[in-house]
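Chemist: Attaching a predicted model along with its sequence, questions to come.
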Amino acid sequence: MRFLGANALLPIAFGNKGMQGITDGRVLVVEYKGSHISGMSKEIEKGQVGKVWAERSQGHALFAMVFKNLNGMNVGQQLDAAIATP
């Protein structure tokens, strides 16, 4: 998979996603899911694909799959953690 720019579509269909520019110039793509489906194989695969997409961006993009509650972190905390990624 090659990063084709911030407007490039992810290779599989993502549902509730949002794309936002960050003040440092990076793009953040967010996929929001309810906590009850965090362990489903389909959702795990989406998270893996998003992670590879962001890694291939050479630092230009971030991907966060956030859940209502994940490991005791709310959505805001999960987003903060994603943005803190170098």
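Modeler: Okay, I see it.

Chemist: quick check: longest helix of the chain.
Modeler: Using DSSP state H to assign secondary structure, the helix with the most residues in the chain is helix 41-55.

Chemist: Excluding sequence neighbours, find me the nearest residue to residue 68.
Modeler: residue 35 (4.8 Å; CB to CB, 6 or more residues apart in numbering). Every residue, glycine included, has its C-beta placed from N, CA and C.

Chemist: ignore the last one, residue 34
Modeler: Per CB to CB, 6+ apart, closest to residue 34 is residue 68, 5.8 Å.

Chemist: Next, that neighbour: phi, psi?
Modeler: In terms of degrees, to the nearest 10, the main-chain angles of residue 68 are phi -50, psi -40.

Chemist: just checking, it touches residue 38?
Modeler: No. Using CB atoms under 8 Å, residue 68 is not in contact with residue 38; the gap is 9.3 Å.

Chemist: which of these two has more neighbours?
Modeler: Set residue 68 next to residue 38 and count neighbours by other CB atoms under 10 Å: residue 38 wins out with 17 against 13.

Chemist: okay, that one: pLDDT?
Modeler: For residue 38, the pLDDT comes out at 77.

Chemist: same question, residue 85
Modeler: 70.

Chemist: Nothing else from me, thank you.
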